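Colleague: fold the following, please.
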Amino acid sequence: MSKEKPPAAQSLEETALRIFNMDISPEEWVAKNAHIVGVSSFNDYSYKNKELESFIYKVHEYLLSKEKNIISNLRKQFLTKDEIAMIEKNSENDW
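Modeller: Residues are numbered from 1 along each chain as shown. Down below sits the predicted model:
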């Protein structure tokens, strides 16, 4: 039996709504943004907005996946070669 997640504070839910653009799919969001996510605890909470909750949980499935190349494959599906090159260049400079 899984442990129930605590409810997100209203301020956290509002922040999540700003961060997670639900005008696109969770897969596209990951393709565009995975490289800027260092640590995230958004998936540690339940949300009043169940659409937001589902979106966050799906994003985190990808971010935490042990499946090799999953984010790379999503980038190939949703981004141009130039966008991928820019992400890779910026990611190299981060470390």
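Colleague: show me where this protein has its helices.
Modeller: Along the chain, the stretches classed as helices by DSSP state H are 10-19, 26-33, 50-63, 70-78, 81-94.
Colleague: quick check: mean pLDDT across the third one?
Modeller: When pLDDT is averaged over helix 50-63, the result is 98.
Colleague: any residues touching that helix, and which ones?
Modeller: Under the contact criterion Cβ atoms under 8 Å, 6 or more residues apart in numbering, helix 50-63 has outside partners 13, 16-17, 20, 22, 26-27, 29-30, 34, 37, 40, 42-43, 46-47, 70-71, 74. Every residue, glycine included, has its C-beta placed from N, CA and C.
Colleague: distance to Lys3 added to the helices of the chain, as CSV?
Modeller: Written out in CSV, the entries for the helices of the chain read as follows (distance: least, Cβ to Cβ, whole Å):
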stretch, distance to Lys3
helix 10-19, 19
helix 26-33, 23
helix 50-63, 14
helix 70-78, 26
helix 81-94, 34
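Colleague: what about Lys25, neighbour count?
Modeller: Wrong residue type there; residue 25 is Ser, not Lys. A count of nearby residues for Ser25, using other Cβ atoms under 10 Å, gives 14.
Colleague: phi, psi for it please.
Modeller: The main-chain torsion angles of Ser25 are listed as degrees, to the nearest 10 and equal phi -80, psi 160.
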